[in-house]
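Visitor: here is my input, please return the structure:
(one chain, ligands or ions: 1)
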Amino acid sequence: MTKRRVGILISGRGTNMVSLAEAARAPDYPADIVLVISNRANAAGIERAQALGLKTAVIDHKAFPSREAFDEAIEAALLTERVELVCQAGFMRIQSAPFATRWLGRQLNIHPSLLPLFKGLHPHQQALDAGVRISGCTVHFVTPELDAGPIVAQAAVPVLASDTVTTLEARILLAEHQLYPHALRLAASGAASLKGDRVTLPNSVNQGGPLLSPAP
Ligand code: GAR
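Guide: Sure thing, here's the model as predicted:
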């Protein structure tokens, strides 16, 4: 099995990055994490990545005159490590359209809502405000439009009447840590691939079952 060379983009605590790195330790996992890039020097995820023995780089967006120039620096770092697939994991920068287009079909993002609901900032608050009984997380291919790319995989969790942003975020984050390694496996192995504006999956993939909230 050939392992795809994966670069992870982070901005913060990096728990999703850790879940990908831990999954990638398995001999049969189809991806190797070869680089973790943070746009913030003080991101806790950088220390977490180093503790896992991963190669890291800080590329501070504030050091560049434009979004395009920042994205070119990211691209140069990715190409130096011969990265084939990019995973955004809590990366809080909007990319320039040329970068997103160049990596189309080769870049994933995780967002803590069941897209296309609750795009952008504060998705947990948006879910609480909407009164939904089920929310979750989505892994999708990145396109130039924010949080709108073709969906690879989703996980659903109940929203409880007692939930606050903190409790809902914690429940969704646990689901993210299961979903992202699974979705990267599908993408890196070639099982999930981009065909136009849809992601195709083989019939052999377990499609999961219903989540009822509240349960009967
Ligand atoms: C995660 O919940 C991720 O889904 C979210 O940021 C958090 C990062 O946590 N991403 C977005 O909201 C992107 N729009 P982490 O740094 O511990 O992985």
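
Visitor: isn't there a strand covering Asn42?
Guide: No - according to DSSP: H, G, I helix; E, B strand; the rest coil, the state of Asn42 is coil, so it is not within a strand.

Visitor: report how many residues lie close to it.
Guide: Neighbours of Asn42 under the rule other C-beta atoms under 10 Å: 9. Where C-beta positions appear, they are placed from N, C-alpha and C, glycine not excepted.

Visitor: direction included, what does the helix or strand where Ile33 lies pair against?
Guide: Per DSSP states H and E, Ile33 falls inside strand 31-38. Here strand 31-38 has these sheet partners by DSSP bridges: strand 4-10 (parallel), strand 56-58 (parallel).

Visitor: most tightly surrounded among those strands?
Guide: The highest mean neighbour count among these, using mean count of other C-beta atoms under 10 Å, belongs to strand 4-10: a mean of 24.

Visitor: how big is the angle separating the longest helix along the chain from strand 4-10?
Guide: For the chain, the longest helix by residue count, based on DSSP state H, is helix 165-188. Interaxial angle, helix 165-188 versus strand 4-10 (axes from the mean of the first three to the mean of the last three C-alpha atoms, to 10 degrees): 160 degrees.

Visitor: and Ile134, what are its bridge partners?
Guide: Ile134 forms beta bridges with Pro158, as assigned by DSSP bridges.
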